[in-house]
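# Requesting a structural model of the entry that follows:
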Amino acid sequence: MAPIATLLNFAIAGTSGYSLYHSMQSIPNLRKYKDKAEKAAKGSSTAEKRLGDTRYTVAAGVAISVISFLGALHRLVFASTAPTQRVFGLLWLVVLCLGEFAVGGYIQSFWADEKRVLLTDEYNESVSHHMEVMRLCDDLACLWAVATVLAFLGY
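As a prediction, this is how the structure comes out:
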């Protein structure tokens, strides 16, 4: 693997780890409001849907961060130039790029209309962490796109 590709994969692994950190930081803060949210969900289908969507959004941020991190580590450890591995590797890079883009868009669309709640600093902090994850997903989508181009060119 060329030095530029190695550096790029280290950058992707570091950025993915940082994204995972922000995803995980929001979970304890959201758990503080779990009981209140579940009580509200029992009385309202809208609140129930919102609670489920919040859990799904958090899980999506964690999942894409882990997958991206493991993808970068795999490329660092198991670099292969075999033709079949190269084709599969290119397809996997495209999937990672599109996955980061899709999850970033999903997180943005979910939290974009979320209003800050007075007297709930931990909840507001969780929203901030997820907005950072959304930004990092966009960065990672770009990094994976560069990795795809480099791989296509044989680096």
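# Apart from its chain neighbours, what residue comes closest to L20?
Once flanking residues are discounted, L20 sits nearest to S65: 3.8 Å by CB to CB, 6 or more residues apart in numbering. (Each C-beta comes from the backbone N, C-alpha and C, glycine too.)
# quick one: Y123 from V95, how far?
33 Å (CB to CB, to the nearest Å).
# Between the two, which is the more surrounded one?
Taking other CB atoms under 10 Å, Y123 and V95 do not tie; Y123 has more neighbours (19 against 14).
# So the more buried one is in contact with K36, correct?
No - using CB atoms under 8 Å, Y123 makes no contact with K36, being 9.9 Å away.
# Please enumerate the helices of this protein.
Along the chain, the stretches classed as helices by DSSP state H are 3-31, 34-43, 45-77, 83-112, 121-152.
# so which of those helices is the most packed in?
Stretch with highest mean neighbour count among the helices of the chain: helix 121-152 (a mean of 19; mean count of other CB atoms under 10 Å).
# Next, the angle from it to helix 45-77.
Angle, helix 121-152 to helix 45-77, by axes from the mean of the first three to the mean of the last three CA atoms, to 10 degrees: 40 degrees.
# Also compute the angle for helix 121-152 relative to helix 83-112, please.
150 degrees.
# Helix 121-152 to helix 3-31, inter-axis angle?
Going by the same axes, to 10 degrees, helix 121-152 makes 160 degrees with helix 3-31.
# Tell me which other helices or strands helix 121-152 touches.
Using 3 or more CB pairs under 8 Å, 6 or more residues apart in numbering; DSSP states H and E as the contact test, the elements touching helix 121-152 are helix 3-31, helix 45-77, helix 83-112.
# closest to G154 out of the ones you listed?
helix 83-112 (8.4 Å; CB to CB).
# as a whole number, average confidence for that closest one?
Average pLDDT, helix 83-112: 88.
# which secondary structure elements does it contact?
Partner elements for helix 83-112 (3+ CB pairs under 8 Å, 6+ apart): helix 45-77, helix 121-152.
# of all those helices, which lies closest to E100?
Once these are compared by CB to CB, helix 121-152 is nearest, at 3.9 Å.
# distance between that closest one and the chain's centre?
6 Å (CA atoms, centre = their mean, to the nearest Å).
# low pLDDT regions in the chain?
Confidence mapping of the chain against pLDDT under 70 gives the ranges 34, 37, 40-41, 47, 80-84, 114-120.
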